[in-house]
Each structure stands twice: as C-alpha cells, then as structure tokens.
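Colleague: Got a predicted structure here, sequence first:
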There are 2 protein chains.
Amino acid sequence: MRRFLRHPVRLVPLVFLVAILISTGLLMLRPMTVDNQQTPFMTALFTATSAISVTGLTVTDTPNYWSGLGLVLITVLTQLGGLGILTGAALVILTVSRRLGLHNRMLVQAETAEYGLGDVRRLLLHIATTVFACELAMTVIVAGRLWLAYDEPFWQALWEAAFHSIQAFNNSGFSLYREGLLAFARDAWIGLPLAVGGIIGGLGFPALFEAVREWRRPTRWAVATKLTIWGSAFLVTFGAVAFLVAEWANPRTVGAYGVPDKVVATFTQIALARTGGFEVVPTDLLREESYILLMWLMFIGGGSASTAGGIKVSTFFLLAFVIWAEVRGEPDVTVGKRRIATASQRHALAVALLSVAIVAIGTTALIVMTDKLPFQAALFEVTSAFSTTGLSVGVLSSLSDGGQFLLTVLMYVGRVGPLTFGSAIALNTRRRLYRYPEEQPIVG
Amino acid sequence: MRRFLRHPVRLVPLVFLVAILISTGLLMLRPMTVDNQQTPFMTALFTATSAISVTGLTVTDTPNYWSGLGLVLITVLTQLGGLGILTGAALVILTVSRRLGLHNRMLVQAETAEYGLGDVRRLLLHIATTVFACELAMTVIVAGRLWLAYDEPFWQALWEAAFHSIQAFNNSGFSLYREGLLAFARDAWIGLPLAVGGIIGGLGFPALFEAVREWRRPTRWAVATKLTIWGSAFLVTFGAVAFLVAEWANPRTVGAYGVPDKVVATFTQIALARTGGFEVVPTDLLREESYILLMWLMFIGGGSASTAGGIKVSTFFLLAFVIWAEVRGEPDVTVGKRRIATASQRHALAVALLSVAIVAIGTTALIVMTDKLPFQAALFEVTSAFSTTGLSVGVLSSLSDGGQFLLTVLMYVGRVGPLTFGSAIALNTRRRLYRYPEEQPIVG
Ligand SMILES: [K+]
Ligand SMILES: [K+]
C-alpha cells in the first residue's frame, strides 16, 4: 500500500478525495446553514467538491442557504483548493523536471534556476504573496466601488468584495448574489478587476512568472509560456469579438446596452466564462452560437498549473500546431523555432481525447439519468462541471441525487485531470525490457 | 501549374471536384426529372455531390422528383463514386508504399506482393469483380423477396433491388421509397443482405482482402487490418446492444415489435447507420441517447480505403491505444505485438481533431445560417454530411441555398478527407534542411 501510494500520480487524486470528504463533513455541521439544519450528504458533497475544485456550481441558493460561517468555510475551501492546485502543480513540475533531468529550456527550469532547485519554500512564498496581493488589489477596488457607488455599509462592501475577489482569482464561481454578477454587468469598476484577476489566476504561475520576468524578450519564452500567453490573449479576444457579434442585437442579453456597456459586459463574461464561472450575462437567454462558443472556451480552459480547468490553453494550441505540421507534410512539429518532443504531443493528444470521451460519456449518462434534459443543456452542464467552470443553464437544483453525483465526479476528475486520474488507476510501474518491431499502419 | 498538380494529394480533390461539376450539369438536363424541368443549380450540385460522395442526403423527394433516367444517373454516379474511392485509395496506397519503400508488413504490401507491384490492372479487376459479385448476390436475394413476398412485378422488383443493393454496398443512402427502408424494418430478407453488403463495402479492400486470405491466422494480420476488422465488429455489436437498450421500450420506434423484429431492425439500422445512410427506424423519433450513439457511429465511420466515411475505424481505435499507452505510462504504443510509428499516431490525431474542428465549425455555421435549427439537429445533419452517412432528422428540404451549399461542402470535404483537403491547399513541397532544437513543453 505504501509502495502503491509512493507514486505522486496516485497521491494527487487521493489528497483531493480526502480533502473533499473532510470538507463534506464540515459543511454538514448545523451552524453552517442559515436554518441551523444538517445539510443532506449529497448537497454537502456537491458543494464541498465544487468549492475545492474551484468550480462554483451550486445546488443550493448560496447566500440564503449557507450561514456566514458556511460562506467563510466555502471561501476557505476555495482558497485552499486554488492554492493547493497552484503549489501542487508547481511542485510536481519541479519534481518532474528534476527527475527527468531535462536540460532544455523548460517552463519551470527558469523558475528552478532562479530559486535554486531545493528552495521550494521560497517558490511557495512567492506564489502565496502573488495570490494575496492580487486578491487584495481586487478587493480594494471592488469594495470601494460597492461602498461609494452602491451605498453599501463599509464592512458589508468589504466582505462582498473579498468574497467575490477570492472566488474570481481562484477561478471559482460561488456568488453572494442570487443572479451572480448580472446586476453589475455594466459596471466596469466591478467587472474588470474580477475579470483581470480571473485571467491572471487562470494563466498559472509557470507561464505568469516567466512572462513577467522576461516581458522584454517574449521570443525567448519557453514554448509552454508562449502557447499559454498568446493562446489566452487570442481566446479572450476572439471569444469577446464572436460573443459581441452573436449577442449584439439580442434584447435579452446585451442588445439593449450602449456600445461601451456591451463591451464591458462581454469582456467580463468571456474572461470569467473561460473557467471562472460567474454569470454576467444571463446564460439561459443566450443565442445558440454563444452557447457553442462558451462550451469551447470552457472546454479549453486556462493555463497549465493554474486554478483554471479544461484541457488547457497550451494543450489546445500545441495540438493545432501538430495538425498544421501534418497538413503541411512537415516531419517536425515546430513552435517558435523549437521542435516539439513527441512525448509532449502524445500527452496533449491523450488529455484532449480523454476529455472529449469523458464529456461525451458524461452527457449521455446525464441524459439517460434525467430523461427530460435537452441535449444542449446536458452538454453545457457536463462541460461546465468537467472544466470546473461553474456556469449553468439552471437545471442543477432539479437534478436527482444520481445526476448530482455524476456532476460531482466530473468536477473531481476535471480538477485532478483525466490523465492523472486514469494513471492513478492504471499506471504500469513495471518497466518493459524489450520493444516490439515497429509498424506504420495507414489510418484515416 | 503542372508541377502543382503533379502531387497526388492535390489531384484527388480536383478529380472529385471536376466529377461533381460534370454530374451537376448532367443532372440539370430536363429529361432527368419527372416533370421534364431544369433542376435548379443548387439542387443539382447538392444531389451530384451527395451521389458521388456516396452520402445519400437529399433535398428532393428522390422517387417523385427524378425520372427513371435521373435515377439511373444517380445509380451510376454512386457506383462510380464508390469504385473511384476503392480503386483510388488502393492505388494511392500502392504508390505510397512503393515510394516510401516500407519493408515492414503493411496493409497493402501483402497485396502488392501477391499482385506483383506493377500489376495494377489485376488489382482493379479483383476489386471490380468483388464489388459486382457482392451487389449481384444482394440484388438476387432482395429482388426475390420483393417479387415473392410483396407481389411486385419481376422487373420492378429487380430494379428496386438493384438500386438499393448498389446504394447499400457503396454505403450511399438514396432510396426509391420516400421513407427509406422503414417499411422493411422487420424484414430480415431485405434488411440483412443490405446490412451485410454495407458492412463489407465499408471495410475497405486492404482490410477485407487480407482478412479473407488470412482468415485462419488473424494474429498475423497487419495492424490496420486488425484495428479495422475487430473495431468494426466491436462497433456493430456495441452499437446494436446500446441501441436495443435505449429503444427497447420506445413505442415510436422498435418498442411495439417482438424480440426477433427488434433485433433485425436494430442490426439493420446500426449496420447501415455507421455510414450507409438508409433509414430503417424513424430517425426523428429516436431517444436522445440513440442520437448521440448514431452521431458517434457516423463520426467514426468505416474502414480505410472503403466506401465509408468518417474518421475511420482504424483511426479511432489507434487513438484509443495511444491514450491507453499514455495512461499506463508506457513509452511505446503497442498494438498486437507491434510498436506503432509516431508518424501514424500523428496522422490519426490530425485526422480526428481536424474532423472535430470541421464538425464544430460546420454546426455553428449551420445554426447561424438557419437561426431556428436546434443545436442537436444541426450537429446531427452536419455529422451526417461530413461522414458521408446520409441520415437526416428531416430538415434538409427547408434549408436555404446557403445551408445546402454548406452541407455540400461538408460532403465534399468529408469524402476527400479533411487532411487530404487541407494538404492540397497547404502542403509544403520544399524540404527544410535543418531541424530546430527539441523542447518538451509541459501541457495538460
Ligand atoms: K470555476
Ligand atoms: K452514406
């Protein structure tokens, strides 16, 4: 058993599972609810998983169901989940890069060189400082706005601002408002800090630190950093433009807004829809093409080793480069004057296709379980859960326990990562000492 | 220009295009229609593409719109399309295997060894003989049944049987009956010959010939043959069982049938839904989970170098083996004691992901164009067109010219193959004489 667990790929899913179960127990304590009632197990499990996986899907009316203590617990779980992912991922990457002894310019190697390979504590401190500095800055702006423009009492404004800033930076989507950020869709002082914070948190520290440190020489960034930074910029820009075009004249969303308000609401929604999960524009009133756009953005998600979910920006664009090389008939896959190792290509392929398979099977299962859920709604909810985004077309509270459990599992697997999850079960630790002869089957 | 065209990857799309345009012109001749009218260009283009790409989608009421001459032309186009694919693919594979000088046991190398590399004529003859023998056998059984059990006049029975047998073997879905094979759903004498013929035509000759010749020693088949044969068997079996479970109690499809009839209708539908395109069970009355199943079967399609469309069975299962190797942490991807070349893996990846991208973009475009089409219906029609399947939930005739043109393009690209199509445009014929340093970016 100890030998089984020693492999880090098996440890990660287990740590998450234990954390979820403990949190479920805590959420079931009576003082956590407004009514001082014991929360049903399935509701507590769903909420704990949603918080720790920084998703933000809910089966309760968050502000009216959980007490102040419960909301603080949800905040703490979100922060721990987010920090755990950031630091855990950074540590795993450190371990991997050390063990593999890679000498090429890898995303974290620059990091490790700066910190000295053993100086894990300093890296963690740097991460924690960055997280809290960002959250503080977001809180100050949002709290000031709520206090000054909305006449909220100071402490109330501070609490609401801190709650939503922590949620946004960790790319989670719990809200103290029943309709998410709908009421603030046109308020740039609320929307933009949360959107920008969400984007930063969703980049991941390997890419973020290198981009900040080497901002003068973007051509020298590691491939993963280039893919993540430029890919994220492209996705936000493309997503916002496409969303604007699709919703421009939709009177039920941004159609009635003036042009500046249209832009603010769209940018905020797109930035927070990629994996954040706050509702800025009413999700259930969007045009069909906007649904498809949001589903793609959710599925792709954010940066590697970030609080974002999805298959990751670098995975998506790396695969695009692989396809382009194949179409062009190039023997090598080249990104920015670097040849991409076939191991990375295979990893990206496995992550993407496993994710497709999980979303497809999850959607089918949800449809079979619910019987009345339209295909598009089921696909949307499953994609949202698996990519730990937390947007919803609003069918969650009517789901059966089975349906809720399915989404819980999807959030968990999505957070752990489908490949890590699969490897935890199926990893072959025995090494094969021979190789079979090669064959080049013609496919396609 | 001549140099541009010399590359076979550019020739294939061009030949298809020219064939489609000539056929469009022929279909616009007045005697081709019942009313002796000139068919509108878009209708003729759609029908010609549908016939040559062996899809079977229609925007007309086939038996009541086209005259006998028109129907004969559609039959000829289907047969030429099917034969063209079979022989063209076989020839390309011959060329490729000769040029690459592969010495490992490839799917066609066994073929080329038997025929002597230059003896293309004999290979073509073998293919043609097999095609016509199968179609003849199917025609005899179906015609006999129509004649004896349905009291059809002998020549009428023969014509209908020949028409549908040619359609089924070539995996095309035009029908002389307004509702496809709905009336014969429970008639094993009609359904099974067409289903079995469709499966054989959809395997492709490289796999079929090797499987027939080496039927005693399936362990010695080439990897591509193993993937195609066992994969097809799995897909038909799994598909039929899943369909039976989903539709067992659906009164609008097979729910009212007795058990043997349920099995016959299901097997026929699944065998012909993978890329054939005949409607056996009313497509628009299926349960949602059956839709998802059919979409997957259409998307995967049949064997390489066959009349079937889709990403191909071998591509799908090869990717499954790649994922499995990655999950297990194996350095090599192994199928039946053979290591799979990374070139084949990359090819499979590119085919699958390009296809996903095309279906996604096509679905979005169709929704934007039509405005009222539900997401699921749009996805179904686009998947059907791109995989040259030809099943429809029945919205085609109400489509605008733009929507019809979109589906025409999808049938064309699906038939040519997305990778071949892309390479025809973007292939880089200059060789790069240097390689960039390798990098192993961490993704996922
Ligand atoms: K989220
Ligand atoms: K077809």
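Modeller: Done, it's in. Ligands and ions are numbered 1, 2, ... in the order given.
Colleague: Find the residue closest to A:R287 in space, skipping its chain neighbours.
Modeller: A:A246 (5.2 Å; Cβ to Cβ, 6 or more residues apart in numbering or on different chains). Where you see a C-beta, it was placed from the backbone N, CA and C, and this is true even at glycine.
Colleague: repeat for A:T388
Modeller: If the residues on either side of it in the chain are set aside, A:T388 comes closest to A:G309, at 3.4 Å by Cβ to Cβ, 6+ apart.
Colleague: Near that neighbour, how many residues? Count them for me, please.
Modeller: If you count neighbours by other Cβ atoms under 10 Å in any protein chain shown, A:G309 ends up with 32.
Colleague: For it, which residues are in contact?
Modeller: Applying Cβ atoms under 8 Å, 6 or more residues apart in numbering or on different chains to A:G309 gives the contacts A:53-55, A:171, A:275, A:298, A:301-302, A:386-389, A:414-415.
Colleague: Just the closest residue of the stretch 301-444 of chain A to ligand 2, please.
Modeller: Here the residue of the stretch 301-444 of chain A nearest ligand 2 is A:G444; by Cβ to the ion that distance is 18.0 Å.
Colleague: An error on my part: the question was meant for the stretch 51-200 of chain A.
Modeller: Closest point on the stretch 51-200 of chain A to ligand 2, by Cβ to the ion, is A:L57, at 40.3 Å.
Colleague: Off-centre distance for the helix or strand encompassing A:F316?
Modeller: Secondary structure from DSSP states H and E places A:F316 in helix A:313-328. Once both centres are worked out by Cα atoms, centre = their mean, to the nearest Å, helix A:313-328 turns out to sit 22 Å from its chain's centre.
Colleague: anything in it near chain B?
Modeller: Yes. If you take Cβ under 8 Å from any Cβ of the partner chain as the test, helix A:313-328 does meet chain B, through A:314-315, A:318-319, A:322-328.
Colleague: Contact partners for the residue nearest to the residue of the stretch 301-444 of chain A closest to ligand 2 when sequence neighbours are not counted?
Modeller: Distance criterion Cβ to Cβ, 6+ apart; nearest residue to A:G444, sequence neighbours excluded, is B:V351 at 3.7 Å. Contacts for B:V351 were tallied using Cβ under 8 Å, 6+ apart; they are A:443-444, B:311-312, B:315, B:417-419.
Colleague: try 6 Å
Modeller: Neighbour list for B:V351: A:444, B:311, B:315, B:419 [criterion: Cβ atoms under 6 Å, 6 or more residues apart in numbering or on different chains].
Colleague: Check A:I52 too.
Modeller: With the criterion set at Cβ under 6 Å, 6+ apart, A:I52 makes contact with A:19-20, A:77, A:81.
Colleague: How confident is the prediction for it, by pLDDT?
Modeller: At A:I52, the model reports a pLDDT of 92.
Colleague: I'd like the distance between it and A:Y412.
Modeller: The span separating A:I52 from A:Y412 equals 9 Å under the rule Cβ to Cβ, to the nearest Å.
Colleague: In the stretch 301-444 of chain A, what residue comes closest to ligand 1?
Modeller: Using Cβ to the ion, the closest approach of the stretch 301-444 of chain A to ligand 1 is made by A:G390 at 4.0 Å.
Colleague: What is the burial count for that residue?
Modeller: By other Cβ under 10 Å, neighbour count at A:G390 equals 31.
Colleague: Quick check: it touching A:L57?
Modeller: Yes. Using Cβ atoms under 6 Å, A:G390 makes contact with A:L57 at a distance of 5.0 Å.
Colleague: quick one: the helices in the stretch 51-200 of chain A?
Modeller: Using DSSP state H, counting those that start in this stretch, the helices of the stretch 51-200 of chain A run over A:62-65, A:68-100, A:109-115, A:120-149, A:154-169, A:188-201.
Colleague: and those helices, which one is worst for confidence?
Modeller: Mean pLDDT values for the helices of the stretch 51-200 of chain A show the minimum at helix A:109-115, a mean of 43.
Colleague: Spatially central residue for chain A, please.
Modeller: Using Cα atoms, centre = their mean, the residue of chain A that lies closest to the mean C-alpha position is A:A308, 2.2 Å off.
Colleague: tell me which element it is part of?
Modeller: A:A308 belongs to no helix or strand when elements are defined using DSSP H and E.
Colleague: mind checking the backbone torsions on A:R339?
Modeller: Note on A:R339: backbone dihedrals following degrees, to the nearest 10 are phi -80, psi 130.
Colleague: burial of it, as a residue count?
Modeller: 18.
Colleague: now A:L14
Modeller: When neighbours are counted by other Cβ under 10 Å, A:L14 registers 12.
Colleague: Quick check: it vs B:W159, distance?
Modeller: A:L14 sits 67 Å away from B:W159, taking Cβ to Cβ as the criterion.
Colleague: Likewise for A:V76?
Modeller: Counting by Cβ to Cβ, the gap from A:V76 to B:W159 is 76 Å.
Colleague: Neighbour count: these two, which is higher?
Modeller: Regarding A:V76 and B:W159, a neighbour count based on other Cβ under 10 Å identifies B:W159 as having more, with 20 against 14.
Colleague: which residues touch the more buried one?
Modeller: With Cβ under 6 Å, 6+ apart as the criterion, no residue contacts B:W159.
Colleague: that older thread, nearest to A:T283, of the residues of helix A:313-328 next to chain B?
Modeller: Distance ranking of the residues of helix A:313-328 next to chain B against A:T283, using Cβ to Cβ, places A:T315 first at 25.2 Å.
Colleague: quick one: that closest one and A:A348 touch, right?
Modeller: Yes. Under the criterion of Cβ under 6 Å, A:T315 is in contact with A:A348, at a separation of 4.6 Å.
Colleague: sec struct for the residue of the stretch 301-444 of chain A closest to ligand 1, please.
Modeller: Assigned by DSSP: H, G, I helix; E, B strand; the rest coil, the conformation of A:G390 is coil.
Colleague: does A:I20 belong to a helix or a strand, and which?
Modeller: For A:I20, the enclosing helix or strand under DSSP H and E is helix A:8-27.
Colleague: Please spell out which residues along that helix are buried.
Modeller: Of the residues in helix A:8-27, those buried by neighbour count under the rule 16 or more other Cβ atoms under 10 Å in any protein chain shown are A:9-10, A:12-13, A:16, A:19-20, A:23-24, A:26-27.
Colleague: and if you look at stretch A:426-444?
Modeller: A:427, A:439-444.
Colleague: Over to stretch A:41-54?
Modeller: Going by 16+ other Cβ under 10 Å, stretch A:41-54 has these buried residues: A:42-54.
Colleague: Give me the distance from that stretch to the chain's centre.
Modeller: Between the mean C-alpha point of stretch A:41-54 and the mean C-alpha point of its chain there is a distance of 16 Å (Cα atoms, centre = their mean).
Colleague: Check the gap between A:P40 and chain B for me.
Modeller: Taking Cβ to the nearest Cβ, to the nearest Å as the measure, A:P40 falls 29 Å from chain B.
Colleague: Distance of that residue relative to A:L27?
Modeller: A:P40 sits 10 Å away from A:L27, going by Cβ to Cβ.
Colleague: Ok, A:E179 next?
Modeller: As judged by Cβ to Cβ, A:E179 and A:L27 stand 23 Å apart.
Colleague: ok, now which ones touch A:L285?
Modeller: Applying Cβ under 6 Å, 6+ apart, we find A:L285 in contact with A:252-253.
Colleague: what does the stretch 151-300 of chain A put close to ligand 2?
Modeller: Listed as neighbours of ligand 2 in the stretch 151-300 of chain A under the rule Cβ under 5 Å from the ion: no residues.
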